[in-house]
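> structure for the following, please:
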Amino acid sequence: MPSLNKKSFTILEVLLAIILISVGFAVLLHSISIGLFAGGENESELVAIKLVQDKIEELRNKSYANIANEAKAAVSGFSGYEREVVVTTPQTDLKQININVYWLSKSSELNTGIATYVSNI
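Below you'll find the predicted structure:
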């Protein structure tokens, strides 16, 4: 009499294993794509912050009288980024400078900015 003690997988077990592995890979690939998108967003914001800092350094080297508004315009060498400078005078001999950088992310415009002060003393 032949032994019925054979070790093998049924088709149901194989299909179940394939489904579980497929779902696991789908979740993993989705997580990776979200991580890559988030990394790209971080890079865009870091570039924008660098552009704000560069403008602050540029204005620091100008005389008080030459610090003025600059309309929102494209940043040379950085496609997709625009920068504006808004100067107000809250007190005599004091200028508040707001520097904003704008860029597109998917379908919305994002921005970052810094405010600083310059005195004529």
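> all strands of this structure, in order?
Taking DSSP state E as the criterion, the chain contains strands spanning 70-75, 78-91, 94-105, 108-119.
> buried ones in the longest one, by neighbour count?
What it means is strand 78-91. In terms of neighbour count (16 or more other C-beta atoms under 10 Å), strand 78-91 has its buried residues at 78, 81-85. C-beta: built from backbone N, CA, C; applies to glycine.
> just the residues you listed now: which is nearest Lys106?
Taking C-beta to C-beta as the measure, Tyr81 is the one of those closest to Lys106, at 15.7 Å.
> could I get the buried residues of strand 78-91 in a markdown table, plus columns for distance to Leu16 and pLDDT?
As requested, these are arranged in a markdown table below (distance: C-beta to C-beta, whole Å; pLDDT from 0 to 100):
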| residue | distance to Leu16 | pLDDT |
| --- | --- | --- |
| Phe78 | 52 | 90 |
| Tyr81 | 51 | 94 |
| Glu82 | 54 | 95 |
| Arg83 | 57 | 96 |
| Glu84 | 59 | 96 |
| Val85 | 63 | 96 |
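> redo the strands of the chain as TSV? Include distance to Glu45.
Compiled in TSV, these are given as follows (distance: least, C-beta to C-beta, whole Å):
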stretch	distance to Glu45
strand 70-75	15
strand 78-91	11
strand 94-105	8
strand 108-119	6
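> tell me the one of the buried residues of strand 78-91 nearest Val118?
Nearest to Val118 among the buried residues of strand 78-91, counting by C-beta to C-beta, is Val85 at 11.7 Å.
> so that closest one touches Asn98, yeah?
Yes. Look at Val85 against Asn98 with C-beta atoms under 8 Å: they come within range, at 7.3 Å.
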